[in-house]
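S.K.: turn this into a model:
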Amino acid sequence: MNAPDLTRRQLLAIAAGTGTAGVAGAYGLGAFDRDADASTTEMDDERSRELAEQFAPVYYFDAFEKWFPTDPRPYESEADGDPVVDGFDALEGYTEQFREAEAPPNPTVFYRVVTYEDSTLAAVQYWWYAAFDQFSVNFHWHDWEVTQVFVDVESGEPKLFVASSHSRKVPNNEFLGPETTQVPRVLPELGSHSGGLSVNDIRDQFSRSPIEDTIADVTNDALEDVVGEIPAAYGLPRDEGFRLPYVVPELGGEPIYEHEDLQAVDKAALIDETLTVRSFDELAEPPGDLPQRETGRLFAFDPEDAEGEGEVDVIYELVPTAELEHITAFTGPQLSFEFAIPEAGEDLVSGHITTT
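M.R.: Purely as a prediction, here's the structure:
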């Protein structure tokens, strides 16, 4: 099956076959398993590297972001003889390094490339690790995000961009047949790091629908029976006018920044207080003066890919995911809200709170 013959449905079915199309893929390393899908084959190292460099994303982070793509390997330790990354070690180590260097430490994106039987299509997967996740109804140690570029290896053209959304109910952000850019531009959501896409001329903003002379940033199917044919995609809530307050995780009955094993982590190490609420009432009815999204640091592998997009703040390294496969687990104790959640709201948040 040639790539030009693939429909959107077929392409997304293939995306599911890589193990990364759903929400679970953003949290763990299951998709790194080389035996996860018998219909895919690992591409050889040299060609994988070529494709990974060719389509390496440009990332536009929120001005308030605290946790950027980094290498978890410096935070490795042993548990029962197995190599693991402990949440305390990662958050403490990352925070301390960031503060000392006054810059994001060890900027790294990991890649994996697979091909498909009887197809000219390859999936180039870009994984990045954040030491922590802090959101409105979601917070946990460790965070893995993935962006996929599906490429016709014969023509060298990208056929589909897919960015992870973290939602079990709303599809990932996807763009079929990108023609305006060869390299995906990714707009990570503040704190949760879900990936919004940008393919039109408004490079650092997300457009769910066409605006004036620009195209939309997603090609997801529209929701049925919705006025205006709104595309069913996660999008980028803070960039679309939603007021999203952030909460402070609690551990052992105290805010995480007061824990004795996190000496480097203070209030300033978390999402800015201007975006933070400290009660359920404020979470349910957010303040009206929450700051809107503004672009902060720009990450790129090749500065030329970001030409005309402003100065690149950080150049990241590309490393094969194979170099992470020895790590057996990313660990950390369960975190909780620092305020009581009414029974009526428990179902809303229970599915979002995870250890990793």
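
S.K.: state the distance from residue 124 to residue 320.
M.R.: Separation of residue 124 from residue 320 (C-beta to C-beta, to the nearest Å): 12 Å. In short, each C-beta sits where N, CA and C put it, glycine included.

S.K.: those two: who's more crowded?
M.R.: Between residue 124 and residue 320, counted using other C-beta atoms under 10 Å, residue 124 has the larger neighbour count: 25 against 17.

S.K.: which residues do residue 124 and residue 320 both contact?
M.R.: Contact with both residue 124 and residue 320 is made by residues 111, 112, according to C-beta atoms under 8 Å, 6 or more residues apart in numbering.

S.K.: so what sits opposite residue 41 in the bridge?
M.R.: Here residue 41 sits in beta bridges with residue 115, going by DSSP bridges.

S.K.: tell me how many other residues crowd it.
M.R.: Using other C-beta under 10 Å, residue 41 has 14 other residues around it.

S.K.: from memory it sits against residue 117, does it?
M.R.: Yes - contact criterion C-beta atoms under 8 Å: residue 41 and residue 117 qualify, at 7.3 Å.

S.K.: which secondary structure element contains residue 92?
M.R.: According to DSSP states H and E, residue 92 maps onto helix 87-101.

S.K.: can you give me the strands for the stretch 1-150 of the chain?
M.R.: Taking DSSP state E, counting those that start in this stretch, the strands of the stretch 1-150 of the chain run over residues 40-42, 58-62, 76-79, 82-86, 108-116, 121-134, 139-152.

S.K.: please name every helix or strand in contact with the second one.
M.R.: In terms of contact count using 3 or more C-beta pairs under 8 Å, 6 or more residues apart in numbering; DSSP states H and E, strand 58-62 is assigned the packing partners strand 185-188, strand 295-300.

S.K.: quick one: closest of those to residue 270.
M.R.: strand 295-300 (15.7 Å; C-beta to C-beta).

S.K.: and the very next helix or strand once past the closest one, which strands flank it?
M.R.: The helix or strand immediately downstream of strand 295-300 is strand 314-315, counting by DSSP H and E. Sheet partners assigned to strand 314-315 using DSSP bridges are listed as strand 295-300 (parallel).

S.K.: contact partners of the partner strand?
M.R.: So strand 295-300 is in contact with 56, 58-65, 68-69, 104, 107, 204, 306, 309-316, going by C-beta under 8 Å, 6+ apart.

S.K.: please pick the buried ones from the residues you listed.
M.R.: Using 16 or more other C-beta atoms under 10 Å as the burial test, the contacts of strand 295-300 include 56, 58-62, 64-65, 68-69, 104, 107, 204, 306, 309, 312-313, 316 as buried.

S.K.: before we move on, the earlier item: touching the helix holding residue 92 from outside, list them.
M.R.: Residues from elsewhere that reach helix 87-101 (C-beta under 8 Å, 6+ apart): 67, 70, 72, 74-75, 77, 104-106, 131-132, 141-142, 261-265, 269, 330-333, 355-356.

S.K.: can you flag the buried ones in the residues you listed?
M.R.: The neighbour-count test (16+ other C-beta under 10 Å) marks 67, 70, 72, 75, 104-106, 131-132, 141-142, 262, 264-265, 269, 330-332, 356 as buried among these.

S.K.: any chance of CSV for the strands of the stretch 1-150 of the chain, columns mean pLDDT and distance to residue 160?
M.R.: Output for these, formatted as CSV (pLDDT from 0 to 100; distance: least, C-beta to C-beta, whole Å):
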stretch, mean pLDDT, distance to residue 160
strand 40-42, 87, 16
strand 58-62, 93, 18
strand 76-79, 96, 34
strand 82-86, 97, 31
strand 108-116, 95, 13
strand 121-134, 94, 9
strand 139-152, 91, 4
